[in-house]
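>>> Just the structure for this:
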Amino acid sequence: MKGKEMKPILKIVSLQLPKGLEVTNTTMLGNWLLNISITNPNDDYGINFMEQKLVISYENNHLAKDVIGPFRMPKRNSTFVFVNVTTAPETVVNKSILEEAEADRNSDRILIFFVRINMRYEYVYPGYSNQEKMRLYCYDLKVQFGNDPKDKAELIEPEKINYAGTVL
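Presented below is the predicted three-dimensional model:
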């Protein structure tokens, strides 16, 4: 007899901006490297992940987005997904938000970001499948910057990230 379907577990393990974050008059430009841990906690079901959409934001302004392609996870398995996404130059951020971010980065060298992942996946078992959609919110990603804006920036205190998921 099959057990109850359990949601996949995602956690952001690391986030880096290897060349820092350039704050211009209109946007924040950066190349983002994320490492996401994904666990299938199910004893009976594999999970087929279809298209996953990831968005990185600062103060409700979307900075970068990417699509994570399809992959499969056997039951009771874990993996890491590496995402490399760059801010599109045409991304526009409110000027007051840019000024605030620049001031925060120059004073305590920490900015707090937000990641949203929209997922579509399917539980699979011989003779059975069930699709679900879930939106995962990852709040309070504290990123520490160096003294120079072009210095590498890294996620600090990943254990303090707040996660909230909603099945759609």
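
>>> where exactly do the helices run in the chain?
Using DSSP state H, the helices assigned to the chain run over residues 95-107.

>>> pretty sure residue 144 is touching residue 110, no?
Yes - the pair residue 144 and residue 110 qualifies as a contact (Cβ atoms under 8 Å) at a distance of 5.6 Å. From N, CA and C alone the C-beta is placed, and that goes for glycine too.

>>> any residues in contact with both of the two?
Residues touching both residue 144 and residue 110 by Cβ atoms under 8 Å, 6 or more residues apart in numbering: residue 156.

>>> Quick one: residues contacting the residue nearest the centre of the chain.
The residue lying closest to the centre of the chain (Cα atoms, centre = their mean) is residue 115, at 4.3 Å. By Cβ under 8 Å, 6+ apart, residue 115 lies in contact with 12, 15, 34, 54, 55, 56, 57, 137, 138, 141.

>>> so how many other residues sit close to the closest residue in space to residue 116 that isn't next to it in sequence?
Nearest residue to residue 116, sequence neighbours excluded (Cβ to Cβ, 6 or more residues apart in numbering): residue 55, at 4.7 Å. Neighbourhood size, residue 55 [other Cβ atoms under 10 Å]: 15.
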